[in-house]
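*Asks:* okay, sequence plus prediction incoming.
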Amino acid sequence: MDILYIIILSIGSVVELFILCKLMGYRQLSQMSMFDYVNGITIGNIAAEMATALEDNFIHPMVAMIVYAAIAIFLSWLSSKSIRARRVISGKPWVLLDKGKLFYENFKKSKIDLNEFLTQCRVSGYFDLSQLESAVLEENGRISFLPKSEYRPLTPSDIQMTPARESLAANLIIDGHIMHDNLKASGKDERWLMKQLHAHNISDPSDVLLATCDLNNHLSIYPNTRGESPSDVFI
């Protein structure tokens, strides 16, 4: 009986977590503020406690989860309305490097040491600080780098080129299944798709792992290749 009770409470806690996450919105871990991170851990712990509340009243952790979520939603709303509140809740950017100068006080206030900064530089492809014009520690903990003009990648505008406009590609086949809604939205039908597959010597959509089509009717097909890669070049 206790096991059945735990199963029911676990399902209930998952459903409540799903609803609360929908209300709080989607955010990647790297985009979370410190409060978002701590709040997410706390809500998860309360949900685990709720799932195993055999003797205690499960209403208490449920209410606690709702309160934490309500606070997160309120602070998110407050941040969108007030710049001052946003700076208090989410923090503010810190300029770590600018025009060849490292700002020690900003390193100290942002609680980041020089070794960590240099590591982030190398991870982003900058092994020489002289290649950087500026480096800014963002509110989410990531560092944004502005390379000097002579070290930044060449862009089409630098050589007076106007490339064709890019477009999003529609997923027409995923895991061997035809996405009929996407096919219809792209102005195609299944007959056209099968004709394209036959042109690539593919008779069954189930043999396709992914197929995409852009606005220029360019179809990209990725067959479901069996087996592993021939060699592990990344080990």
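*Replies:* Thanks, I have it.

*Asks:* show me the domain layout of this structure.
*Replies:* 2-87, 94-147, 170-223 (automatic domain parsing).

*Asks:* ok, which of those comes nearest Ser157?
*Replies:* Evaluated with CB to CB, those place domain 94-147 nearest to Ser157, the distance being 16.4 Å. C-beta here means a position set from N, CA and C on the backbone, and glycine is covered the same way.

*Asks:* okay, how far is it across that closest one, tip to tip?
*Replies:* Domain 94-147 has an end-to-end distance of 17 Å (CA to CA, to the nearest Å).

*Asks:* quickly, which of the domains of the chain bottoms out on average pLDDT?
*Replies:* Mean pLDDT values for the domains of the chain show the minimum at domain 2-87, a mean of 68.

*Asks:* which other helices and strands contact the helix or strand harbouring Asp181?
*Replies:* Of the helices and strands defined by DSSP states H and E, Asp181 is found in helix 180-185. Packing partners of helix 180-185 (3 or more CB pairs under 8 Å, 6 or more residues apart in numbering; DSSP states H and E): strand 170-174, helix 190-199.

*Asks:* can you say which of these is packed in most?
*Replies:* Stretch with highest mean neighbour count among the helices and strands packed on helix 180-185: strand 170-174 (a mean of 20; mean count of other CB atoms under 10 Å).

*Asks:* who are the packing partners of that strand?
*Replies:* helix 180-185, strand 208-213.

*Asks:* helices or strands up against the last one?
*Replies:* On a contact count with 3+ CB pairs under 8 Å, 6+ apart, strand 208-213 meets strand 170-174, helix 190-199, strand 219-223.

*Asks:* present these as JSON lines; the columns should include distance to Asp113.
*Replies:* JSON lines is the format used below for the helices and strands packed on strand 208-213 (distance: least, CB to CB, whole Å):
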{"stretch": "strand 170-174", "distance to Asp113": "44"}
{"stretch": "helix 190-199", "distance to Asp113": "55"}
{"stretch": "strand 219-223", "distance to Asp113": "44"}
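
*Asks:* among those, which is nearest Pro156?
*Replies:* strand 219-223 (22.7 Å).

*Asks:* CA atoms of the closest one as PDB?
*Replies:* C-alpha atoms of strand 219-223 as PDB (Å, rounded to 0.1, in the frame of the first residue of the first chain):
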ATOM      1  CA  LEU A 219      15.900  18.700 -49.600                       C
ATOM      2  CA  SER A 220      18.600  17.300 -47.300                       C
ATOM      3  CA  ILE A 221      18.400  13.600 -46.400                       C
ATOM      4  CA  TYR A 222      20.200  11.800 -43.700                       C
ATOM      5  CA  PRO A 223      19.700   8.100 -44.000                       C
END
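
*Asks:* can you list the strands that that strand pairs with?
*Replies:* strand 208-213 (antiparallel) (DSSP bridges).

*Asks:* buried set for the strand it pairs with?
*Replies:* 208, 211-213 (16 or more other CB atoms under 10 Å).

*Asks:* sorry, back to before: using PDB, write out every CA atom in the helix holding Asp181.
*Replies:* Extracted in PDB, the C-alpha atoms of helix 180-185 (Å, rounded to 0.1, in the frame of the first residue of the first chain):
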ATOM      1  CA  HIS A 180       2.600  15.600 -42.100                       C
ATOM      2  CA  ASP A 181       1.900  19.000 -40.600                       C
ATOM      3  CA  ASN A 182       5.300  20.300 -41.500                       C
ATOM      4  CA  LEU A 183       5.000  18.800 -45.000                       C
ATOM      5  CA  LYS A 184       1.700  20.700 -45.500                       C
ATOM      6  CA  ALA A 185       3.000  23.900 -44.000                       C
END
